[in-house]
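Q: I would like the atomic coordinates for the input below:
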Amino acid sequence: MAQHDPQIPSFCEGIQYFGPNWPEFSRLGDQPAIAEGERAVAKPGSRQAVYQTLLMADALRYLTLQVTGAKASGHPGGFASSAEAYAALVMLGHTNIVTEVGHHAPGFYSAMFLDTSLEAMGISTVAQMRERFRERHGLLGHLSGAVPGILAPAGPLGQGQHFAMAGALLHRQTLFPFTLGDGGMGEPYILSAMQHFNVAYPEVTNFLPVLIWNGYSQEHHSMVSRMSNEAMIAYWQGHGFKKVVLVDAKDFDDGAQPGAYVDSSYFGLEARLEFTRAVLEGMDEAARAALQGKLTCFIIKQLKGSGVHTVGSKSHNLYPADTLDKPHIIEGLQRRALSPAAWQLVRSNFVRAGGGPAVKTSVTESVLALPALGTLPCTDFAIGDKQVPSTAMGSLVGAVGRADARFIVTNADGNEASGMKNINEALKIRHPTEDALYHQAPGGQVYEPLNEDACAGLAAGLALFGARSLWLSYESFAINGWPIFQTVTQAMAELRRKTPSALCMFTAGALEQGRNGWTHQRPEIENYLAAQMRNGNVYPLFPCDANAIQAAFEWGINSSNKGVAIIASKSALPVYLSLADARRGLEDGAAVLYQSAGAGKGWVVLAAAGDMVLLPVFDAKTRLEALGYGVRIVSVMNPRRLYRPGDVSWDTVAQPDNRFLDDDSFNAMFDADALLAISGGPSATLEPVLLRTRAARRDTVCWKRGETTASPDEIMAFNGITGQAMAERVNALLAR
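A: Numbering: from 1, shown residues only. As a prediction, the model looks like this:
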């Protein structure tokens, strides 16, 4: 077999087809275009550089199809149409490449294989890559930062720009290209997010969107497939892009292919080289502009699936019938087959590009140094005082921002409206118009695009790339930003390095939004959080008062590789715990706020998640005591700690946390004749209490639906969250 030929590089084991050297290989392929000790080609316009860029593009296409074909699964077509653009970035030394297209994963893995990064996970040959593609502990179907050299995850569309902008903000001298498919351009906010970022950070232009305009989405023509080149350029210019470089393969077609989108792999060699030259030189022009302060994008226009087994949306995905022994797959591989010498040349360029393999050079492959925060200036409010929880946390947020100049707070709906004006006062809203009345300043640390996707995206991206951040949101609107928070927290569970936790705080919850009606009464986000607790690294926190929220923020900002969501109110509420007791309760998962002196008719536990909801809980306590019951009120502050260890995948995540409240301590808090689990939101966050309690009689009181009301009391009454309703529920339980 050819694989045993000593002239074939050992990493090529598993490649099924080799081809002859291309014409002029002896002259243009005798030495890598990236010289030893260099990071990039010296002359992007030279024939040698262009020739070897095209070789690299075809090598990426071959591996993408070979690897996906090995499992008759995965997505070769989208990346295939980006191959020249990706190869050009590598040959130019720009290897911190992000994507918003999870379907490009096999192409990115092929790049990491060729630069030897995958050797860090035991993948040294093509055969091994084939074996471990789309397998557990291998190369998962969509990108993950757990794979050596990969900067960020990619799954849901519309997220790549956030990672690229976060990287650009933290590393001003490095270019962060990100590939964007025209099928994904329909996702909300992609261009508007970049436009807002550019207004807020006009000096940070070292991210480069690379649009892969191939005419097709996953299962049909893309919605922008009928736009003219001029209209596409104008579209980007209309979003603030000062330079748009568009290279259309149609301009180089020497075979009169029909339609606006053509497959460059069917051009003659000279036409292919001229197309590649335009891509390489255009990419160099775009990269230089982006690094020199000009908001720039690069667009490559060629047919989806160029150079693989078929084209259009039919190239998007392989199905069980698309195996390596099928004629259409064989033909696709044989058309792209390179000689052994060409494979070695491509690998040499990959290994040298950007200063070395991505596993050693990507900015996310090392821990970002962070300034020490010291002891946060917490205030120990007196028990019985009325204090605003969100305001108490805001003072600590300001202290973090003063200690860490890279710390960014993101908010879409206004900190002042959430009782956190003190954050704006301390850190200033980042805005080109300086205005003391609105606490605006060009150098502010509060980033306020008016959509949650952009807020969550930048904050989560910064956390993933190693910086501290905080996303603030109305609970009712947070769902619009949650997908990227979910993506990043899952990625953090897999990372091979420590990074600050993704931290968010949701305020102005359902109970506080009466007059706004049901549009502002959507606490279902808490169900999302509850479902993620079992992942092992997601922690929804429900501080009961102004002391507990300080403890929650203090804990979250100093944690690593977690998703931490704090849910609290913006209203003045009673203080129930000292700061020390709040810290202890947060670590344990819960704390006792009140216990009757005795219990004539039996013990009742009222286990509540939240702060404002404690008002009717204490009313219920008074009613139940009048009936002769003993009452213990328990604040459920950190429900993740109340699960049993076997309920949670804590031992499968990076930076594992195996602290759970032991049975004796749990029973001391929650044992009773009857237990009522109470929430101002949904009941799902109280699942660990209901699972572990030994109380035979138990029930829930929680949110049902929204309505326009004049006060929190009225909306709670509408949902049956009243002291009287709780007392009646307990009576019914104990009367069985």
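
Q: now the helix or strand hosting Asp453, how far from the centre of its chain.
A: Following DSSP states H and E, one finds Asp453 within helix 452-464. From the chain centre to the centre of helix 452-464 is a distance of 7 Å (Cα atoms, centre = their mean, to the nearest Å).

Q: Pull the contacting residues for the residue nearest to Ala372 when sequence neighbours are not counted.
A: Spatial nearest neighbour of Ala372, excluding adjacent residues (Cβ to Cβ, 6 or more residues apart in numbering): Ala403 at 7.4 Å. Using the backbone N, CA and C atoms, a C-beta is placed for each residue, glycine as well. Ala403 is in contact with 371-374, counting by Cβ atoms under 8 Å, 6 or more residues apart in numbering.

Q: now with 7 Å?
A: Contacts here follow Cβ atoms under 7 Å, 6 or more residues apart in numbering; on that basis Ala403 touches 371, 373-374.

Q: Which residues outside stretch 510-528 are in contact with it?
A: 474-476, 478-479, 482, 506, 509, 540, 567, 569-571, 612-613, 680-682, 684-685, 703, 705-712, 714-716.

Q: Looking at the residues you listed, which are in helices?
A: Among the contacts of stretch 510-528, DSSP state H puts 482, 712, 714-716 in helices.

Q: before we move on, the earlier item: packing partners of the helix holding Asp453?
A: helix 160-170, helix 190-200, strand 408-411, strand 469-474, helix 482-494 (3 or more Cβ pairs under 7 Å, 6 or more residues apart in numbering; DSSP states H and E).

Q: what's the burial count for Met492?
A: By other Cβ atoms under 10 Å, 29 other residues sit near Met492.

Q: okay, the angle between the helix holding Asp453 and helix 482-494?
A: 10 degrees (axes from the mean of the first three to the mean of the last three Cα atoms, to 10 degrees).

Q: what's in contact with helix 452-464?
A: 145, 152, 159, 162-163, 165-166, 188-189, 193, 196, 408, 410-412, 447, 449, 469-471, 473, 477-478, 480-482, 484-485, 488, 491-492, 499-502.

Q: ditto for stretch 235-248
A: Contacts for stretch 235-248 (Cβ under 7 Å, 6+ apart): 191-192, 194-195, 198, 229, 232-233, 278-279, 282, 285-286, 289, 294-301.

Q: how about that stretch: buried residues?
A: 236, 239-241, 243-248 (16 or more other Cβ atoms under 10 Å).

Q: Mind putting these into a markdown table with secondary structure, distance to Leu396 and pLDDT?
A: Putting the buried residues of stretch 235-248 into a markdown table (DSSP: H, G, I helix; E, B strand; the rest coil; distance: Cβ to Cβ, whole Å; pLDDT from 0 to 100) gives the following:
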| residue | secondary structure | distance to Leu396 | pLDDT |
| --- | --- | --- | --- |
| Trp236 | helix | 41 | 96 |
| His239 | coil | 36 | 94 |
| Gly240 | coil | 35 | 95 |
| Phe241 | coil | 38 | 97 |
| Lys243 | strand | 42 | 98 |
| Val244 | strand | 43 | 98 |
| Val245 | strand | 45 | 98 |
| Leu246 | strand | 48 | 98 |
| Val247 | strand | 50 | 98 |
| Asp248 | strand | 53 | 98 |
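
Q: returning to what we had before: out of the helices and strands packed on helix 452-464, flag the one nearest Arg352.
A: helix 160-170 (21.9 Å; Cβ to Cβ).

Q: and which of the contacts of Ala403 is nearest to Arg39?
A: Pro371 (29.8 Å).

Q: I'd like to know how far that closest one sits from Thr499.
A: Pro371 is 15 Å from Thr499, where distance means Cβ to Cβ, to the nearest Å.

Q: Please say which of the two ends up with more neighbours.
A: Legend: neighbour count by other Cβ under 10 Å for Pro371 and Thr499, higher for Thr499 (26 against 12).

Q: Identify the residue spatially nearest to the more buried one, adjacent ones excluded.
A: Per Cβ to Cβ, 6+ apart, closest to Thr499 is Gly466, 5.1 Å.

Q: next one: Thr652
A: Gly536 (5.9 Å).

Q: residues touching Leu169, list them.
A: 201, 204.

Q: list the contacts for the residue nearest the centre of the chain?
A: Nearest residue to the geometric centre of the chain (Cα atoms, centre = their mean): Val488, 3.3 Å. When contacts are counted by Cβ under 7 Å, 6+ apart, Val488 is found next to 460, 463-464, 502.

Q: Identify the residue spatially nearest to it, adjacent ones excluded.
A: In space, Val488 is closest to Ala460, 4.0 Å off (Cβ to Cβ, 6+ apart).

Q: Quick one: neighbours of the one you found, just the number.
A: When neighbours are counted by other Cβ under 10 Å, Ala460 comes out with 33.

Q: and it, what pLDDT?
A: Ala460 is assigned a predicted lDDT (pLDDT) of 96.

Q: gap between it and Thr364?
A: 14 Å.

Q: how's the protein carved up into domains?
A: 2-358, 386-734 (automatic domain parsing).

Q: residue ranges with poor pLDDT in the protein?
A: Along the chain, segments meeting pLDDT under 70 span 1-4, 186-188, 508, 736.

Q: Now with 50, please.
A: 1-3 (pLDDT under 50).

Q: Quick check on the contacts of stretch 510-528: which are buried?
A: Counted by 16+ other Cβ under 10 Å, these give 474-476, 478, 482, 506, 509, 540, 567, 569-571, 612-613, 680-682, 684-685, 703, 706, 708-709, 712, 715-716 as buried.

Q: May I see the PyMOL selection of the buried members of the contacts of stretch 235-248?
A: For the buried members of the contacts of stretch 235-248, the matching PyMOL selection, counting by 16+ other Cβ under 10 Å, is:
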select buried, resi 191+192+194+195+198+229+232+233+278+279+282+286+289+295+296+297+298+299+300+301
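
Q: So which of the contacts of stretch 235-248 are in strands?
A: 296-301 (DSSP state E).

Q: ok, so of those, who is nearest Glu434?
A: Nearest to Glu434 among the ones in strands among the contacts of stretch 235-248, with distances taken as Cβ to Cβ, is Thr296, at 27.5 Å.

Q: OK, contacts around the closest one?
A: 205, 208, 241-243, 286, 289-290.

Q: List the buried residues for the helix or strand containing Leu396?
A: For Leu396, the element it lies in under DSSP H and E is helix 389-403. Buried residues in helix 389-403, counted by 16+ other Cβ under 10 Å: 389-401.

Q: quick check, nearest of these to Met669?
A: Pro389 (22.2 Å).

Q: the helices in the stretch 301-450 of the chain, which residues?
A: 327-336, 340-352, 358-361, 389-403, 421-427 (DSSP state H, counting those that start in this stretch).

Q: Which residues does the spatially closest residue to Arg698 that is not a sequence neighbour form beta bridges with?
A: Leaving aside its chain neighbours, Arg698 sits nearest to Leu675 (4.3 Å; criterion: Cβ to Cβ, 6+ apart). In this entry, Leu675 is beta-bridged to Val605, Arg698, by DSSP bridges.

Q: ok, Leu675 - contacts?
A: Contacts of Leu675 (Cβ under 7 Å, 6+ apart): 605, 607, 693, 695, 698.

Q: Top of these by number of neighbours, please.
A: That'd be Ala607 among the contacts of Leu675, by other Cβ under 10 Å, with 28 neighbours.

Q: so Thr276 touches Val50, yeah?
A: Yes: using Cβ atoms under 7 Å, Thr276 is in contact with Val50, at 5.2 Å.

Q: Near Thr519, how many other residues are there?
A: Neighbours of Thr519 (other Cβ under 10 Å): 11.

Q: Let's verify the spatially closest residue to Leu303 that is not a sequence neighbour: helix, strand, or coil?
A: Closest residue in space to Leu303, ignoring its immediate chain neighbours: Tyr261 at 4.1 Å, by Cβ to Cβ, 6+ apart. Using DSSP: H, G, I helix; E, B strand; the rest coil, the structure places Tyr261 in coil.

Q: Surely Tyr261 and Trp213 touch.
A: No: here Tyr261 does not reach Trp213: they are 8.1 Å apart, not a contact under Cβ under 7 Å.
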